[in-house]
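[1] here are the coordinates; sequence isn't available:
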């Protein structure tokens, strides 16, 4: 494990990279001994430094392809902070970020605290509603040349999120069969399905509840959980307007949009 001083130094480098929009080389090049435990501690240092409400968490690396690429057998997670919440009616200034991308997600709004030994059934019982979501991801690591510990330390590459207005009761839909279409400037560019997320996005939420409980954290009523993307990540350019549409068994489950400006 790294020393406290080394973790603090890494956290400062990531902080500076975000503030100045100047990505840094992969952390494993300067600290090859960095492991996942150290990386989560680095992430937490910068979360604590922000000193703002935690609205929930995001889960990453939920597809088999991404796990194989990273050489891992489980997802990772990051924090969703108050300043990261975006609005559909307010264009996002792209210059605030390094190399932003968007992902399409079926968000979970929790109505109850989830237990430490959480199951998919507990997730369904504790979820107030499903909600259309787009996550804005960004990497403070140059050229997205990330390893597992790079992305964990960098808050799981999370930078923002926006929620649509629709609210769907989890019992009213098959969580494994929600179709998502991402449009850019009115043209469909990507399609995916919710079972791309560990076979069932509720599985990702249950994993998260168990994982954070090891650090004395619980997923609480009112939290937002983004369980992982239904589609590949899409690069963002100034002037782009994205909309994600969600359907299941022919029924409209709502949409969410996000506009970018220079």
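    Yes, it's here. Quick caveat, the model's predicted, so the values are computed rather than measured. Numbering: from 1, shown residues only.
[2] can we go C-alpha only for contacts and neighbour counts from here?
    OK.
[3] lowest-pLDDT helix or strand in the chain?
    helix 64-70 (a mean of 69; mean pLDDT, DSSP states H and E).
[4] check the gap between the nearest residue to residue 220 once chain neighbours are set aside and residue 128 for me.
    Once flanking residues are discounted, residue 220 sits nearest to residue 113: 4.1 Å by Cα to Cα, 6 or more residues apart in numbering. Noted for residue 113: a distance of 11 Å to residue 128, by Cα to Cα, to the nearest Å.
[5] for residue 199, same thing?
    Taking Cα to Cα as the measure, residue 199 falls 21 Å from residue 128.
[6] before we move on, what about residue 228?
    As judged by Cα to Cα, residue 228 and residue 128 stand 18 Å apart.
[7] who has more neighbours out of those two?
    The neighbour count for residue 228 versus residue 128, taken as other Cα atoms under 10 Å, is higher for residue 228 (28 against 19).
[8] check contacts around the more buried one.
    Residue 228 makes contact with 58-62, 105-106, 197, 201, 204, according to Cα atoms under 8 Å, 6 or more residues apart in numbering.
[9] contacts only, for residue 195.
    Residue 195 makes contacts with 175-178, 201, 230, as judged by Cα under 8 Å, 6+ apart.
[10] rewinding a little: per-residue confidence for the residue nearest to residue 220?
    Note on residue 113: pLDDT of 97.
[11] residue 49 versus that one, what's the distance?
    According to Cα to Cα, residue 113 and residue 49 sit 26 Å apart.
[12] among the contacts of residue 228, which pair sits farthest apart?
    Farthest apart among these by Cα to Cα are 61 and 106. That separation is 15.1 Å.
[13] for PyMOL, write a command that selects the buried ones of the contacts of residue 195.
    To isolate the buried subset of those in PyMOL, counting by 16 or more other Cα atoms under 10 Å, use the following:
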select buried, resi 175+176+177+178+201+230
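[14] now render the contacts of residue 195 as JSON lines, adding pLDDT and distance to residue 211.
    Listed next are those as JSON lines, based on pLDDT from 0 to 100; distance: Cα to Cα, whole Å:
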{"residue": "175", "pLDDT": "96", "distance to residue 211": "21"}
{"residue": "176", "pLDDT": "96", "distance to residue 211": "22"}
{"residue": "177", "pLDDT": "97", "distance to residue 211": "25"}
{"residue": "178", "pLDDT": "97", "distance to residue 211": "25"}
{"residue": "201", "pLDDT": "97", "distance to residue 211": "15"}
{"residue": "230", "pLDDT": "92", "distance to residue 211": "22"}
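[15] now for the contacts of residue 195, which pair is the farthest apart?
    Using Cα to Cα for every pair in the contacts of residue 195, the one that comes out farthest apart is 175 and 230, at 11.8 Å.
[16] where do the contact lists of those two overlap?
    194-195.
[17] one step back: next, the contact list for the residue nearest to residue 220, please.
    Taking Cα under 8 Å, 6+ apart as the criterion, residue 113 is in contact with 126, 218-221.
[18] change it to 6 Å
    219-221 (Cα atoms under 6 Å, 6 or more residues apart in numbering).
[19] where exactly do the strands run in the stretch 151-262 of the chain?
    158-163, 179-184, 187-193, 224-226, 234-235, 241-248, 251-261 (DSSP state E, counting those that start in this stretch).
[20] burial count for the spatially closest residue to residue 97 that is not a sequence neighbour?
    Closest residue to residue 97 apart from its sequence neighbours, by Cα to Cα, 6+ apart: residue 21 at 6.3 Å. Each residue near residue 21 was counted by other Cα under 10 Å, and the total is 16.
[21] same thing with residue 174?
    Residues near residue 174, counting by other Cα under 10 Å, number 13.
[22] what comes up buried for the longest helix seen in the chain?
    Determined from DSSP state H, the single longest helix within the chain is helix 4-20. For helix 4-20, burial by neighbour count (16+ other Cα under 10 Å) applies to 7, 10-11, 13-15, 17-18.
[23] let me have these in JSON lines, extended by pLDDT.
    As requested, those are exported to JSON lines (pLDDT from 0 to 100):
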{"residue": "7", "pLDDT": "97"}
{"residue": "10", "pLDDT": "97"}
{"residue": "11", "pLDDT": "98"}
{"residue": "13", "pLDDT": "97"}
{"residue": "14", "pLDDT": "98"}
{"residue": "15", "pLDDT": "98"}
{"residue": "17", "pLDDT": "97"}
{"residue": "18", "pLDDT": "96"}
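[24] having no further points to raise, I will conclude here.
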